[in-house]
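>>> Fold the following for me, if possible:
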Amino acid sequence: MQVSRMAGSLIGSEIIKIGNEVNDMIRKGEQICNLTIGDFDPSIFPIPTELQSEITHAYQAGHTNYPPANGMAALREAAAAFTESRLGLSYSPNDFLVAGGSRPLIYATYLALVDPGDKVVFPVPSWNNNHYCHLSSAEAVMVETRPENNFMPTADELAPHLTGATLLALCSPLNPTGTVFSREDLEAICDLVLAENKRRAPGEKPLYLLYDQIYWLLTFGNTEHYDPVNLRPELREYTIYIDGISKCLAATGVRVGYAFGPAPVIDKMKAILGHVGAWAPKAEQVATATYLPQTEAVDGFLGAFKEKVQRSLDALHQGLQTMKADGLPVDSMVPMGAIYLTARLDVLGRTTPDGQVLTSTKELTSYLISEARLALVPFSAFGTDGTSPWFRMSVGGASLASIEAALPRLRAALERLT
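Okay, the predicted model is just below:
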């Protein structure tokens with residue numbers, strides 16, 4: 001059967017593949033600590049009770065028909081007010097676009113801005129930008145980042161690649177690392193974007209900035225979230241923000257995301273998604289519009305939710321640091337945000353008890369599933385080399401008890417390697 005060249009050469013998500021394999025094993029009765037998919041187990045991390053009640057009420061009230069293609073007016077108003085009160089970013093509700101989560105919004109950003117062959121610059125590791133480049137026929141310019149900077153890109157790393165580029169795609173807190181931009185690093189990158197646009201001739205397509213901040217409410221300790229327009233207001237006409245409730249409210253399946261930015265770009269994104277029909281369900285939109293202004297309820301949920309997520313991340317981090325202190329070749333980064341821990345398992349080249357030499361993180365991933373009953377995602381799923389020793393651990397789908405039980409199994413599996 002013949003299909004399009006794009007479809008024929010499209011690579012499936014390695015994260016989803018690993019997650020599906022693990023879920024099949026779990027359904028067959030195997031006890032595996034699943035730290036793969038960036039999702040939440042509702043039995044561990046339920047959505048806010050007030051939001052759940054509002055969704056139920058909205059369905060009972062008959063909100064089962066099509067919503068407006070750009071999102072319910074009440075939700076766009078609530079999202080605009082929420083963004084202004086909590087981030088200090090003032091945008092008209094008309095400059096907001098609602099969709100079924102952040103994915104259609106990111107895709108619409110690519111389609112609205114990128115012509116075939118245009119350069120899109122993004123750091124690796126990062127989530128899915130390589131696939132969006134493929135879908136939009138863009139030239140993907142992947143910029144390697146360093147653990148010394150928490151895998152966040154720096155201005156020096158990005159600068160050589162921005163000449164002639166159409167889009168710079170950034171994310172903070174970053175999926176897959178759970179790390180965030182420092183103010184200084186993001187300011188320097190913002191200045192690069194402004195300088196590049198000043199160099200461009202009138203009528204030339206500018207360099208746009210896609211800023212995915214879907215995890216911004218999930219930061220820990222003294223970690224602060226920074227964004228481009230607050231740091232450099234001149235970037236307002238070039239920056240498209242991706243946001244929503246999927247991660248901060250443990251509401252991945254509720255499918256309410258929103259983008260905001262310059263009206264000419266958002267209007268084109270509205271037209272694209274209007275043809276695709278990728279809107280969030282109307283009842284969920286009505287419910288979210290009612291819930292977001294409930295400041296006390298939102299703050300109460302976030303406080304308890306963040307504390308619970310951080311306990312799981314800290315348990316993983318402390319467990320790995322104990323193994324490191326005991327001489328095992330592992331490490332981890334202090335959790336800063338999102339639901340991810342960055343872990344280093346530097347055991348490639350070692351031999352398993354059955355005589356297999358581990359030559360790639362894919363093989364190591366399989367070994368850990370079978371021997372430690374622990375499922376992780378290697379950074380190779382996010383654009384890095386298949387021999388990079390770094391992994392993403394996602395805590396949303398596992399209980400604290402299952403994480404604590406998995407750590408001794410991980411230790412034992414690593415100690416069996418020779």
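
>>> where do the strands sit along the stretch 1-150 of the chain?
For the stretch 1-150 of the chain, the strands defined by DSSP state E, counting those that start in this stretch occupy 33-34, 96-99, 119-124, 139-144.

>>> how about those strands in JSON lines, adding mean pLDDT?
JSON lines is the format used below for those (pLDDT from 0 to 100):
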{"stretch": "strand 33-34", "mean pLDDT": "94"}
{"stretch": "strand 96-99", "mean pLDDT": "98"}
{"stretch": "strand 119-124", "mean pLDDT": "98"}
{"stretch": "strand 139-144", "mean pLDDT": "98"}
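
>>> For residue 86, find the nearest of those strands.
Nearest of the strands of the stretch 1-150 of the chain to residue 86, taken as Cβ to Cβ: strand 96-99 at 14.6 Å. All C-beta spots, glycine's among them, are computed from the backbone N, C-alpha and C.

>>> how about the helices in this protein?
Ranges of helices in the chain, per DSSP state H, are 5-8, 14-27, 49-60, 73-87, 102-113, 129-136, 155-158, 183-199, 228-231, 263-276, 282-291, 295-325, 361-371, 400-415.

>>> Is it possible to get a markdown table of those helices that adds distance to residue 211, mean pLDDT and mean neighbour count?
Shown next, in a markdown table, are the helices of the chain (distance: least, Cβ to Cβ, whole Å; pLDDT from 0 to 100; neighbours: other Cβ atoms under 10 Å):
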| stretch | distance to residue 211 | mean pLDDT | mean neighbour count |
| --- | --- | --- | --- |
| helix 5-8 | 26 | 90 | 10 |
| helix 14-27 | 22 | 77 | 16 |
| helix 49-60 | 25 | 98 | 16 |
| helix 73-87 | 12 | 98 | 18 |
| helix 102-113 | 10 | 98 | 23 |
| helix 129-136 | 13 | 96 | 20 |
| helix 155-158 | 14 | 98 | 17 |
| helix 183-199 | 9 | 98 | 17 |
| helix 228-231 | 6 | 98 | 20 |
| helix 263-276 | 13 | 97 | 17 |
| helix 282-291 | 21 | 98 | 24 |
| helix 295-325 | 21 | 98 | 16 |
| helix 361-371 | 29 | 93 | 20 |
| helix 400-415 | 31 | 98 | 18 |
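
>>> Tell me which of those sits nearest to residue 386.
Nearest of these (Cβ to Cβ): helix 361-371, 5.9 Å.

>>> so how far is that closest one from its chain's centroid?
Put simply, helix 361-371 sits 24 Å off its chain's centre (Cα atoms, centre = their mean, to the nearest Å).

>>> contacting residues around residue 200?
Residues near residue 200 by Cβ atoms under 8 Å, 6 or more residues apart in numbering: 206-207.

>>> May I see the helices of the chain organised as JSON lines, with distance to residue 217 added?
Below are these laid out as JSON lines (distance: least, Cβ to Cβ, whole Å):
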{"stretch": "helix 5-8", "distance to residue 217": "35"}
{"stretch": "helix 14-27", "distance to residue 217": "22"}
{"stretch": "helix 49-60", "distance to residue 217": "14"}
{"stretch": "helix 73-87", "distance to residue 217": "8"}
{"stretch": "helix 102-113", "distance to residue 217": "14"}
{"stretch": "helix 129-136", "distance to residue 217": "22"}
{"stretch": "helix 155-158", "distance to residue 217": "26"}
{"stretch": "helix 183-199", "distance to residue 217": "17"}
{"stretch": "helix 228-231", "distance to residue 217": "15"}
{"stretch": "helix 263-276", "distance to residue 217": "22"}
{"stretch": "helix 282-291", "distance to residue 217": "14"}
{"stretch": "helix 295-325", "distance to residue 217": "6"}
{"stretch": "helix 361-371", "distance to residue 217": "30"}
{"stretch": "helix 400-415", "distance to residue 217": "21"}
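
>>> Run a quick neighbour tally on residue 62.
Residue 62 is flanked by 9 other residues according to other Cβ atoms under 10 Å.

>>> Return the backbone torsion pair for it.
phi 90, psi 20 (degrees, to the nearest 10).

>>> Nearest to the spatial middle of this structure, which residue is it?
Centroid-nearest residue in the chain: residue 175, 4.0 Å away (criterion: Cα atoms, centre = their mean).

>>> so what's the closest residue in space to it that isn't next to it in sequence up against?
Spatial nearest neighbour of residue 175, chain neighbours left out: residue 127 (4.2 Å); criterion: Cβ to Cβ, 6 or more residues apart in numbering. The neighbours of residue 127, taking Cβ under 8 Å, 6+ apart as the test, are 38, 171, 175-176, 382.

>>> residues in contact with the closest residue to residue 350 other than its chain neighbours?
Distances taken as Cβ to Cβ, 6+ apart put residue 417 closest to residue 350, at 4.0 Å, once the chain neighbours are dropped. Residues in contact with residue 417 (Cβ under 8 Å, 6+ apart) are 347, 350-352, 358.

>>> From the residues you listed, list the buried ones, please.
The neighbour count (16 or more other Cβ atoms under 10 Å) marks 347, 350, 352, 358 as buried among those.

>>> wouldn't the second one be in contact with residue 358 here?
Pointing back at residue 350 there. Yes. If you go by Cβ atoms under 8 Å, residue 350 and residue 358 touch, sitting 5.8 Å apart.

>>> Of the helices of the chain, which is nearest residue 341?
Closest to residue 341 of the helices of the chain is helix 295-325 (Cβ to Cβ; 4.8 Å).

>>> name the helices or strands packed onto that closest one?
If you count contacts as 3 or more Cβ pairs under 8 Å, 6 or more residues apart in numbering; DSSP states H and E, helix 295-325 packs onto strand 330-332, strand 340-345, helix 400-415.

>>> just how off-centre is the first one within its chain?
Once both centres are worked out by Cα atoms, centre = their mean, strand 330-332 turns out to sit 22 Å from its chain's centre.

>>> Quick check: residue 43 vs residue 255, distance?
Distance of residue 43 to residue 255, computed by Cβ to Cβ, to the nearest Å: 20 Å.

>>> Neighbour count for the two, which is higher?
It is residue 255, of residue 43 and residue 255, that has more neighbours when counted by other Cβ under 10 Å, with 21 against 7.
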